[in-house]
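Novice: need a 3D model of the following:
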Amino acid sequence: MNKEIEEIIVKSFFNKRIQQRVLFELSSSKKRQDAIERLNHNYLDTLRNEFMIEIPKPNSDPEEIVNLLKVHGASKNCYVISWHSLDGKEFPLTTAIEELIWYGMPSFISCTHGKLAYFQAEQVYGAPPRFILKRTL
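Specialist: Numbering: from 1, shown residues only. Here you go, the predicted structure:
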């Protein structure tokens with residue numbers, strides 16, 4: 001895991017009132033899952049809604065999502081926060097999206113650290129809610 005990247009992600013996209021707690025949880029091997037669990041059903045309380053743009057359904061085509069992220073300025077590589085084995089690592093954007101899109105659990109992908117991210121919530125029925133998080137400031 002990369003603490004510097006995770007600090008940029010949390011300070012850019014997570015609600016201010018929980019940022020320090022989330023950073024602590026992400027940095028702890030025992031608590032890391034608690035931070036990721038916050039993205040399950042409570043993601044609207046966890047993430048900064050003013051930066052969230054919902055991707056309309058149908059939204060399950062990895063190629064379309066990658067292209068959409070590229071239009072918004074995504075880098076070739078990304079950083080993943082997820083319960084998936086990709087957690088805490090950098091990957092090519094296409095690889096990360098293809099691996100995580102069918103995973104069904106919350107996943108956060110930083111595409112341009114502090115500026116652009118992709119988030120998919122936990123899958124309940126049908127495709128999970130998917131979002132682009134974009135800061136323009």
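
Novice: burial count for Ser27?
Specialist: 14 (other Cβ atoms under 10 Å). Any C-beta I mention is one placed from the backbone N, CA and C, and that applies to glycine too.

Novice: any chance you could map the helices in the chain?
Specialist: 3-13, 19-27, 32-37, 43-46, 62-71, 93-100 (DSSP state H).

Novice: highest mean neighbour count out of the ones you listed?
Specialist: Among these, the stretch with the highest mean neighbour count (mean count of other Cβ atoms under 10 Å) is helix 93-100, at a mean of 20.

Novice: tell me which other helices or strands that one touches.
Specialist: helix 62-71, strand 77-82, strand 107-112 (3 or more Cβ pairs under 8 Å, 6 or more residues apart in numbering; DSSP states H and E).

Novice: run through the chain and note the low-pLDDT ranges.
Specialist: Along the chain, segments meeting pLDDT under 70 span 126, 137.

Novice: switch to 90 and redo it
Specialist: Scanning the chain for pLDDT under 90 picks out 1, 29, 37-42, 56-61, 83-86, 101-106, 121-129, 136-137.

Novice: middle-most residue in it, spatially?
Specialist: Phe108 (1.5 Å; Cα atoms, centre = their mean).

Novice: not counting its neighbours along the chain, what's nearest that residue?
Specialist: Leaving aside its sequence neighbours, Phe108 sits nearest to Ile81 (Cβ to Cβ, 6 or more residues apart in numbering; 4.3 Å).
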